[in-house]
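A.B. asks: Predicted model and sequence follow; I will ask about them next.
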Amino acid sequence: MKKAFVLAIFCIVVVGLAVWKKPKTNMNVVLPEKSVFFIDQGFSSNFKNNVQELMQSVYAHSKNPQDVMNQATKTFPEIGSMKVQICQSDKICFYVDASEPIFLLNDEFVVCGNSTCVFKDHFSSDIVKNLIQVSLKNHSDLSAIIDFIVALPEKVKQEFSVEWLHCYDIILHPKNSNDCALQVSTDMVPTLQDLGSCQNIVQSAIAKSKSKKKRMMCDIRFKNQIIVR
């Protein structure tokens, strides 16, 4: 009985050593040679080509999907997320999504939700033309501007551009020259009600005034007050 027990232990050890020494499967061998890319349509055609060329090159060299994703997101920070899967027996598919574009900065850069600032030609013209425009002369925290823009009502984004002087001094310029400009701050983000109140006040002031001044400024940075200049 004792000998049988010892023999059983011996067999277990031998089998364990054999399994431990067995070469591990190499993913470089089993991964498909062909790579397919599905890149966010919000990117411009040229930019999508640049992304695909880089990813193809890295994959052809390393056959390591993680290397491909690491290099792509490092080179192109406007990429918000990526995923990969074996989509067919002979193909591996990479999916590339853009970080959400938030605003157009100084008519030259697109600022994305991940605080990335990139040249506007990285995105399609259809995306860029619908972004609210922000002018900025001095350095400022992009994350603060992003938070402010995101908080703006969609109607304000469509009808105004932003001149960012300071987080406590932001001018919203109307695209319609007959409307009033708004002076706001990050602490007092304008609402649709604020916008309607300012328009009513300005229209009433113009009707009563003999002056032909068309552009007026509504300062709504103070609680429960609108100061018209």
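C.D. replies: Everything's here; your move.
A.B. asks: so where's the protein shaky on pLDDT?
C.D. replies: Within the chain, the set of residues satisfying pLDDT under 70 comprises 1-30, 177-178, 209-214.
A.B. asks: Let's see that with 50 instead.
C.D. replies: Applying pLDDT under 50 to the chain flags the ranges 2-29.
A.B. asks: quick check: longest strand of it.
C.D. replies: Longest strand of the chain, by residue count under DSSP state E: strand 79-88.
A.B. asks: in the chain, which spans are strands?
C.D. replies: Going by DSSP E, the chain shows strands at 34-39, 79-88, 91-98, 101-105, 109-112, 117-119, 132-136, 160-166, 169-174, 181-184, 217-219, 227-228.
A.B. asks: who does the longest strand of the chain pair up with?
C.D. replies: Looking at strand 79-88 with DSSP bridges, its partner strands are strand 91-98 (antiparallel).
A.B. asks: Would you mark the buried spots in the strand it pairs with?
C.D. replies: Going by neighbour count (16 or more other Cβ atoms under 10 Å), the buried part of strand 91-98 is 92-94, 96, 98. (C-beta placed from N, C-alpha, C; glycine too.)
A.B. asks: Send me it as CSV with only the CA atoms.
C.D. replies: Output of strand 91-98 as CSV, limited to C-alpha atoms (Å, rounded to 0.1, in the frame of the first residue of the first chain):
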residue,chain,number,x,y,z
LYS,A,91,-8.5,38.8,-39.7
ILE,A,92,-8.0,40.9,-36.6
CYS,A,93,-10.1,44.0,-36.3
PHE,A,94,-9.1,47.2,-34.5
TYR,A,95,-11.8,49.8,-33.6
VAL,A,96,-10.8,53.4,-33.0
ASP,A,97,-13.1,56.0,-31.4
ALA,A,98,-12.3,59.7,-31.2
